[in-house]
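Attaching a predicted model along with its sequence, questions to come.
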Amino acid sequence: MTDTIQQQVFEIIAKQAKVDPSTVRPESTLKDLGIASLDAIELIFDIEEHFDIAFPEQQGANFDSDTAQDLVDAVRKGLDGKAAGGAGA
């Protein structure tokens with residue numbers, strides 16, 4: 001499942017950056033991929049919608065240093081929180 005999450009996030013990033021998904025690497029930053037700040041906001045919304053999660057407000061993307069892997073990790077954390085919250089309810 002881990003690889004599936006990463007693959008899906010990378011595909012969403014690639015679509016936003018208008019690049020081939022195979023060019024997105026875990027260490028690629030949003031800036032490296034040519035994603036501007038407004039595009040990154042849309043990217044975050046697309047990821048949240050795709051996975052039906054919400055990133056915490058302070059989880060705002062840092063375009064210079066956030067990597068594709070950071071977004072994958074944030075999705076995993078969001079899914080884990082959703083699963084934990086859903087199981088306890």
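Yep, that arrived.

can we go C-alpha only for contacts and neighbour counts from here?
Fine.

Ramachandran angles for residue 77?
phi -60, psi -40 (degrees, to the nearest 10).

contacting residues for it?
The contact partners of residue 77, taken as Cα atoms under 8 Å, 6 or more residues apart in numbering, number zero.

mind checking how far residue 75 is from residue 25?
Noted for residue 75: a distance of 16 Å to residue 25, by Cα to Cα, to the nearest Å.

actually residue 82, not the one I wrote
Distance from residue 82 to residue 25, by Cα to Cα: 26 Å.

Residue 79 too?
Residue 79 is 22 Å from residue 25, by Cα to Cα.

out of the two, which sits in the more crowded spot?
residue 79 (16 against 13; other Cα atoms under 10 Å).

Can you give me the buried ones in the host helix or strand of that one?
Following DSSP states H and E, one finds residue 79 within helix 68-88. For helix 68-88, burial by neighbour count (16 or more other Cα atoms under 10 Å) applies to 68-76, 78-79.

Stretch 43-57 too?
43-44, 46-47, 53-55.

So for the residue nearest the centre of the chain, what's the nearest residue that isn't a sequence neighbour?
Closest residue to the average C-alpha location of the chain: residue 71 at 3.4 Å, with Cα atoms, centre = their mean. In this structure, residue 71 finds its nearest non-sequential neighbour in residue 9, 7.4 Å apart by Cα to Cα, 6 or more residues apart in numbering.

That neighbour: neighbouring residues, count only.
Counted with other Cα under 10 Å, residue 9 comes out at 25.

what sits against it?
47, 68, 71-72.

One more pass at 10 Å, please.
Residue 9 sits next to 3, 15, 21, 24, 43, 46-47, 50-51, 68-69, 71-73, 75 when contact means Cα atoms under 10 Å, 6 or more residues apart in numbering.

C-alpha coordinates for the helix holding residue 79, PDB please?
Extracted in PDB, the C-alpha atoms of helix 68-88 (Å, rounded to 0.1, in the frame of the first residue of the first chain):
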ATOM      1  CA  ALA A  68       7.600  15.000  -3.000                       C
ATOM      2  CA  GLN A  69       8.400  12.500  -0.200                       C
ATOM      3  CA  ASP A  70       7.300  15.100   2.400                       C
ATOM      4  CA  LEU A  71       3.900  15.200   0.700                       C
ATOM      5  CA  VAL A  72       3.700  11.400   0.600                       C
ATOM      6  CA  ASP A  73       4.600  11.300   4.400                       C
ATOM      7  CA  ALA A  74       1.900  14.000   5.100                       C
ATOM      8  CA  VAL A  75      -0.700  11.900   3.200                       C
ATOM      9  CA  ARG A  76       0.300   8.800   5.200                       C
ATOM     10  CA  LYS A  77       0.000  10.800   8.400                       C
ATOM     11  CA  GLY A  78      -3.400  12.100   7.300                       C
ATOM     12  CA  LEU A  79      -4.600   8.600   6.400                       C
ATOM     13  CA  ASP A  80      -3.300   7.200   9.700                       C
ATOM     14  CA  GLY A  81      -5.100   9.900  11.600                       C
ATOM     15  CA  LYS A  82      -8.300   9.300   9.700                       C
ATOM     16  CA  ALA A  83      -8.100   5.600  10.400                       C
ATOM     17  CA  ALA A  84      -7.400   6.200  14.100                       C
ATOM     18  CA  GLY A  85     -10.200   8.700  14.400                       C
ATOM     19  CA  GLY A  86     -12.600   6.500  12.500                       C
ATOM     20  CA  ALA A  87     -11.800   3.400  14.500                       C
ATOM     21  CA  GLY A  88     -12.300   5.100  17.900                       C
END
